[in-house]
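1. kindly generate the corresponding structure for this input.
(one chain, ligands or ions: 1)
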Amino acid sequence: MIWNESIECMDRESLRKIQSIRLKKIVEHVYHNTPFYRKKMQELGITPDDINSIDDIVKLPFTTKYDLRDNYPFGLCAVPMSQIVRIHASSGTTGKPTVVGYTRRDLSAWAECLSRAFTAYGAGSSDFFHVAYGYGLFTGGLGAHAGAENIGASVIPMSSGNTEKQITLMHDFGSTVLCCTPSYALYLADAIKDSGLPREEFKLRIGAFGAEPWTENMRHEIEEKLGIKAYDIYGLSEIAGPGVGYECECQHGTHLNEDHYFPEIINPNTLEPVAPGETGELVFTHLTKEGMPLLRYRTKDLTALHYDKCPCGRTLVRMDRILGRSDDMLIIRGVNVFPTQIESVILEMPEFEPHYLLIVDRKNNTDTMELQVEVRPEYYSDEINRMLALKKKLASRLQSVLGLGVDVRLVEPRSIERSVGKAKRVIDNRKL
Ligand code: DLL
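-> This is a model prediction of the structure:
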């Protein structure tokens, strides 16, 4: 099933023509309405007249997360705030979130992209969508919600957490499509087993999983345990949210909605485009966004693009699974965590040395984070109660800054291995 065949299966030459027209228009829009981009283009000695086809995209400046942070909160909006109808945000390196604004038309384009995804998975108006992505500033919940409503499905806006209730309602309502992170899907699968409810009494048949990297093995495990087809959904808040890309029934690559979000792959060191099929950093340019259009936004996600036609009939480019990120951002249970956030919490407290090691793992299909941190000699004590109180203090501060539980392990002064070069702060055992 295809939601918008005329776009999703358009011949690539016609698609490039549309992309060229849209790029020119968007560049004019930001040049006249976003002082940040006008200045950047002036520094490069270009004006909108220099952009006449999609091939001219390489002349345009890059945008990074730091640019969004520097223009916090609304500095990159290209329309008056009265036209912004929705604001989302994701956590950033400094504790200040990355903020994005959408106009009414942006929201409808985003819902269209999600409708393409859900239709590609084989979902339709008779499905019950169990949306267990978080609702709120995170784009997962409200994004999936809008896409499911747009295809006429019945939406159950569960949000995340309260696993027991999730299972009860999934069972009683007869949910057929599950939207959540792949790690939570596995957690749910085990919890369903533990609940004693027979699997045959569940009607689940499709999963829309994303927001964090996952592997082919994990897909098989989820499909096996839940008895469903598990599909990838890709996205990031800066570009829209979930639905920037989606898998089709062939499950060999994630199609990108390139009529709205134009993808490039660059070498993250030289910033030059790489040859098709080569791995590098994924970069997106908004082609239709009104509220906060970004030019050549560096996602830091590492992947490759393939332009040959998919057996499903779609011509939209296919993206390999995300290999990882070129920066150090960790995604723990779907939440973005930067080691620098942890470092700043540690450094705020006088009791600790700035020496720590973060050990990330996946136990029972759930991400875990252990923080080993050195206590300063003057605070280090043999008294268990004192050490327990200190541990609790740090853990609760981390919980409030990160929004995640961290298993804190206090260690003796000078016990963490020092490095003469770059310090290794993170050990990620998840093998993703
Ligand atoms: O995670 C949006 C989303 C919600 C996507 C629900 C899919 C489902 P952010 O919080 O801004 O937005 O995080 C974006 O998450 O740059 C990737 O590194 C990672 N990511 C998202 N989807 C996938 C995926 C949402 N399918 C960052 N596979 C992105 C691997 C993914 N990584």
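
2. show me what contacts residue 428?
-> For residue 428, the contacting residues are 330, 360, by CB atoms under 8 Å, 6 or more residues apart in numbering. Quick note: C-beta positions are derived from backbone N, CA and C, even for glycine.

3. please identify the residues of the stretch 301-432 of the chain in proximity to the ligand?
-> Proximity of the stretch 301-432 of the chain to the ligand (CB under 6 Å from any ligand atom) is limited to residues 301, 322, 325, 331, 336.

4. each with direction, which strands does the helix or strand hosting the last one pair with?
-> Same thing as residue 336. Per DSSP states H and E: residue 336 is located in strand 335-337. Under the criterion DSSP bridges, strand 335-337 sits next to strand 330-332 (antiparallel) in its sheet.

5. sorry, back to before: so which of the residues of the stretch 301-432 of the chain next to the ligand comes closest to residue 60?
-> Minimum distance to residue 60 across those is 19.5 Å, recorded for residue 301 (CB to CB).

6. how near is the closest one to residue 284?
-> Residue 301 sits 10 Å away from residue 284, going by CB to CB, to the nearest Å.

7. ok, those two, which is more surrounded?
-> The neighbour comparison of residue 301 against residue 284 (other CB atoms under 10 Å) goes to residue 284, with 25 against 21.

8. give me the contact list for the helix or strand harbouring the more buried one.
-> Using DSSP H and E, residue 284 falls within strand 280-286. Residues outside strand 280-286 that contact it (CB under 8 Å, 6+ apart): 23, 26, 57, 60, 62, 239, 244, 260-268, 274, 293-304, 319, 322, 326.

9. show me what contacts the closest residue to residue 379 other than its chain neighbours?
-> Using CB to CB, 6 or more residues apart in numbering and skipping residues adjacent in sequence, the residue nearest residue 379 is residue 351, 4.3 Å away. Listed by CB under 8 Å, 6+ apart, the contact set of residue 351 reads 375-376, 379, 390.

10. in the residues you listed, find the pair that's most separated.
-> 376 and 390 (10.5 Å).

11. who's more crowded, the two?
-> More crowded of residue 376 and residue 390, by other CB under 10 Å: residue 390, with 20 against 12.

12. dump the residue contacts of that one.
-> Going by CB under 8 Å, 6+ apart, residue 390 touches 351, 375, 379, 410.

13. quick check: bridge partners of the last one?
-> The reference is to residue 410. Counting by DSSP bridges, residue 410 forms beta bridges with residue 373.

14. give me the number of residues near it?
-> For residue 410, the neighbour count with other CB under 10 Å is 19.

15. again, but for the second one
-> By the other CB under 10 Å criterion, the neighbourhood of residue 375 contains 21 residues.

16. quick one: residues contacting whichever residue of the stretch 301-432 of the chain sits closest to the ligand.
-> Closest approach between the stretch 301-432 of the chain and the ligand, counting by CB to the nearest ligand atom: residue 322, at 3.7 Å. By CB under 8 Å, 6+ apart, the residues touching residue 322 are 213, 234, 282, 301-303.

17. what's the answer for residue 105, then?
-> So residue 105 contacts 288, 290 (CB under 8 Å, 6+ apart).

18. can you redo the contacts of residue 351 as CSV with secondary structure?
-> Shown next, in CSV, are the contacts of residue 351 (DSSP: H, G, I helix; E, B strand; the rest coil):
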residue, secondary structure
375, strand
376, coil
379, coil
390, helix
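
19. residue of the chain closest to the ligand, please.
-> Closest residue of the chain to the ligand, CB to the nearest ligand atom: residue 210 (3.0 Å).

20. bridged to residue 337, which residues?
-> Here residue 337, judged by DSSP bridges, has bridge partners residue 330.

21. mind checking pLDDT for it?
-> We have a pLDDT of 86 for residue 337.

22. next: residue 416.
-> 88.

23. next SSE after the top helix by length along the chain?
-> Ranked by residue count, the top helix of the chain under DSSP state H comes out as helix 12-33. Sequence order places helix 35-44 as the next helix or strand after helix 12-33, per DSSP H and E.

24. related to what we said a few turns ago, which of the contacts of residue 322 tops the neighbour count?
-> Neighbour-wise, those (other CB under 10 Å) top out at residue 282, 28 neighbours.

25. what distance do you get for that residue to residue 297?
-> Distance of residue 282 to residue 297, given as CB to CB: 9 Å.

26. do the same with residue 329
-> According to CB to CB, residue 329 stands 15 Å off from residue 297.

27. looking at the two, which is more packed in?
-> residue 297 (22 against 19).

28. quick check: buried residues in the strand holding residue 336?
-> For strand 335-337, a neighbour-count test (16 or more other CB atoms under 10 Å) marks 335-337 as buried.

29. closest to residue 89 among those?
-> residue 336 (10.9 Å).

30. how many neighbours does the closest residue to the closest one other than its chain neighbours have?
-> Nearest non-adjacent residue to residue 336, counting by CB to CB, 6+ apart: residue 91, 4.9 Å away. Neighbouring residues of residue 91 were enumerated by other CB under 10 Å; the total is 20.

31. ditto for residue 315
-> Residues near residue 315, counting by other CB under 10 Å, number 20.

32. residues in contact with it?
-> With contact set as CB under 8 Å, 6+ apart, residue 315 has these partners: 8-12, 15, 309.

33. for it, what are phi and psi?
-> Dihedral angles phi and psi of residue 315 (degrees, to the nearest 10) take the values phi -100, psi -10.

34. rewinding a little: following the chain past the strand holding residue 336, name the next helix or strand.
-> According to DSSP H and E, the helix or strand after strand 335-337 is helix 339-348.

35. tell me the first helix or strand C-terminal of that following helix.
-> strand 352-363.
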